[in-house]
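Peer 1: Provided below for reference: sequence and predicted model.
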Amino acid sequence: MPNNSDSNVSTADALTLLLHNQHALAAAIEEVTKWLSENDVEDVADNAVVAMETLDTNAKAITDAIMRLRQL
């Protein structure tokens, strides 16, 4: 399959926007987690921490994909 530079750039740009959204969601979850912890809702706060860890893991994979696309 031939390299399509314009397609790669468009895909990388779209993934970058999704990554920015993911960072925004993580920040919001972090704020809610802090509030939950301060208000003794530890079980829910713990679940939120797990969600943030998943966002972090996926953000790394998205970042790697963006970098590969931009190198083509």
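Peer 2: Arrived safely, thanks for sending. Note that the structure is predicted; figures quoted are calculated from it, not measured. Residues are numbered from 1 along each chain as shown.

Peer 1: Tell me, how many residues neighbour D40?
Peer 2: Neighbour count for D40, taken as other Cβ atoms under 10 Å: 8. Placement of C-beta: from N, CA and C, glycine included.

Peer 1: ugh, wrong one, I meant N39
Peer 2: A total of 10 residues lie near N39 under the criterion other Cβ under 10 Å.

Peer 1: ok, now L69?
Peer 2: L69: 19 neighbours (other Cβ under 10 Å).

Peer 1: Please identify the helix or strand for it.
Peer 2: helix 42-71 (DSSP states H and E).

Peer 1: Can you name every helix or strand that that helix contacts?
Peer 2: With contacts defined as 3 or more Cβ pairs under 8 Å, 6 or more residues apart in numbering; DSSP states H and E, helix 42-71 has these neighbours: helix 5-38.

Peer 1: Okay, buried residues for the helix it packs on please.
Peer 2: Going by neighbour count (16 or more other Cβ atoms under 10 Å), the buried part of helix 5-38 is 11-12, 15, 19, 22, 26, 33, 36.

Peer 1: Turn those into JSON lines, columns for distance to Q71.
Peer 2: Output for these, formatted as JSON lines (distance: Cβ to Cβ, whole Å):
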{"residue": "T11", "distance to Q71": "13"}
{"residue": "A12", "distance to Q71": "10"}
{"residue": "L15", "distance to Q71": "14"}
{"residue": "L19", "distance to Q71": "17"}
{"residue": "Q22", "distance to Q71": "21"}
{"residue": "A26", "distance to Q71": "26"}
{"residue": "T33", "distance to Q71": "35"}
{"residue": "L36", "distance to Q71": "41"}
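
Peer 1: Show me which of those is closest to M67.
Peer 2: Using Cβ to Cβ, A12 comes nearest to M67 of the buried residues of helix 5-38, at 8.5 Å.

Peer 1: Just list the residues touching the closest one, thanks.
Peer 2: Each residue near A12 by Cβ atoms under 8 Å, 6 or more residues apart in numbering is listed here: 66, 69-70.
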